[in-house]
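Colleague: What follows is a predicted structure for the sequence shown.
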Amino acid sequence: MTDTYDTLLIERHEEGYAVVTLNRPEALNALNSALFADLAAFLDVVEHDDSVRCLILTGSGDKAFAAGADIKEMADQSYAQMYKANFFSHGHDRITRFRKPIIAAVNGFALGGGCELAMLCDFIVASDRAKFGQPEINLGVAPGIGGSQRLTRLVGKSKAMDMVLTARMMDAAEAERSGLASRVVPHETLMEEVRKIAAKIAGHSPLAVMANKEMVEAALETTLTQGVQFERRLFHSLFAFDDQKEGMAAFVEKRKPVFTGR
Ligand code: CAA
C-alpha cells in the first residue's frame, strides 16, 4: 500500500487515524477531477482497513482549506461534457458512502466546492482564520456539490440565501454561532486540537462509532418517527457485539475498556 497521490498527502497515525491533506497549494487547493479521483481511491483503500478508524481532512499551506472547484478546469466545459461526466458526482457520492468519521480541519478559505467538501465531512473544526462561502454566483453559476442543500440544512434558509445570493463570506465565529462549524480553535493549534479529537474517536468501539454516525446521518433523511425507530433498532443491534459487553463491564469494574471491533 503506497498512500501516494498526486493531489493528496496522507499521514497515518498509530492512534488509529489518518490525516488527508489536499495538496494543490499553488491553486489554494482548488478541487479538480484528479483530486476527487485520488480522494475516492484513498477512501476505497481505508474503508476496510481496521487500523484507520477516523480521518482528518485539511488543506495544505496556511491560507486555504480549498478555494472551490477548479475554475480553470471548468471554464471551457460544455453542458454535454459536464452532463456526461456527471461532474463531481463520483467524489460526492463516494464521500457520502464512507462509513468512518471524517473531520474537516478548516485552516483558511473554504469557498464554493471547498465549503461543500467541508460540509460533506461529519463535522467541521475551524481555525479562527477560516472563511466560509458559496461565491459561485460571482462566476455566473451556483453551488454544484450539494452546497445549496447542506448549507441550508446547517445554517437555515435566511443565512444560506444571504450567502449564495451575495457571495459574502462567514468568518469562523459566525460559522460556529450558526451551526456550520462545531468548534473554533486558534489557527496555530488547529491540527493539534483536531488530532486529539480524532484520537479520541479512534479509541472508541469502531462499531459504535459507525452506528452513531449512521444514526445522526439518518436524522437528515427521515421523519422524526422513522429516525427514532431506526435509532432504536440500531441501538438494540449493538447488544450483539463484544464491544457492548466490554464497554459496560469496564464501566462497572471501574477500568478502561479495551474495544476489539467485534
Ligand atoms: N480554481 C482555480 N484556481 C484557483 C481557485 C479556484 N477555485 N482559487 C484560487 N485559485 C488560484 C488563483 O487563480 C491563483 O493562481 P495563479 O497564481 O496561477 O494566478 C492562486 O490560486 C492564488 O489565488 P489568488 O491570487 O486569487 O489569491 P488571493 O489571496 O488574492 O485570493 C481567494 C484568495 C479570495 C480565495 C481567491 O483566490 C478566490 O476568489 N478564489 C475563487 C473562489 C471561488 O470562486 N470559488 C468557487 C469556485 S466554483 C465552485 O466551487 C463550483 C462548485 O460548487 C462545484
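Modeller: Yes, it's here.

Colleague: okay, CA-based contacts and neighbour counts for the rest of this
Modeller: Noted.

Colleague: What residues does the stretch 51-200 of the chain have near the ligand?
Modeller: Taking C-alpha under 6 Å from any ligand atom as the measure of proximity, the stretch 51-200 of the chain contacts the ligand at 67-72, 111-113, 135-136, 143-145.

Colleague: between those residues, which has the most around it?
Modeller: Gly112 (29 neighbours; other C-alpha atoms under 10 Å).

Colleague: For Val184, see how far away it is.
Modeller: As defined by C-alpha to C-alpha, to the nearest Å, Gly112 lies at a distance of 20 Å from Val184.

Colleague: before we move on, what about Phe251?
Modeller: For Phe251 relative to Val184 (C-alpha to C-alpha), the value is 32 Å.

Colleague: repeat for Thr260
Modeller: 32 Å.

Colleague: Neighbour count: the two, which is higher?
Modeller: Comparing Thr260 with Val184 by neighbour count (other C-alpha under 10 Å), the higher total belongs to Val184, at 22 against 13.

Colleague: Spatially nearest residue to the more buried one (excluding sequence neighbours)?
Modeller: Ala126 (4.7 Å; C-alpha to C-alpha, 6 or more residues apart in numbering).

Colleague: what are the bridge partners for that neighbour, then?
Modeller: Val106, Val184 (DSSP bridges).

Colleague: what about stretch 232-242, distance to the chain center?
Modeller: Mean-position distance between stretch 232-242 and its chain equals 26 Å (C-alpha atoms, centre = their mean, to the nearest Å).

Colleague: and what of stretch 206-226?
Modeller: 16 Å.

Colleague: Could you list the buried residues of that stretch?
Modeller: Pro206, Leu207, Ala208, Val209, Ala211, Asn212, Glu214, Met215, Ala218 (16 or more other C-alpha atoms under 10 Å).

Colleague: Show me which of the residues you listed is closest to the ligand.
Modeller: Ala218 (24.1 Å; C-alpha to the nearest ligand atom).

Colleague: Which other helices and strands does the helix or strand containing the closest one contact?
Modeller: If you go by DSSP states H and E, Ala218 is part of helix 206-219. Under the contact definition 3 or more C-alpha pairs under 8 Å, 6 or more residues apart in numbering; DSSP states H and E, helix 206-219 sits against helix 224-237.

Colleague: where in this protein is pLDDT low?
Modeller: 1 (pLDDT under 70).

Colleague: Where does the record place the domain boundaries for it?
Modeller: 8-202, 204-253 (the TED database).

Colleague: Tell me how far the nearest residue to Lys256 once chain neighbours are set aside lies from Pro143.
Modeller: Counting by C-alpha to C-alpha, 6+ apart, the nearest residue to Lys256 once its immediate chain neighbours are dropped is Ala250, at 5.9 Å. For Ala250, the distance to Pro143 (C-alpha to C-alpha) stands at 47 Å.

Colleague: What of Arg99?
Modeller: 25 Å.

Colleague: same deal with Gly261?
Modeller: Distance from Gly261 to Pro143, by C-alpha to C-alpha: 38 Å.
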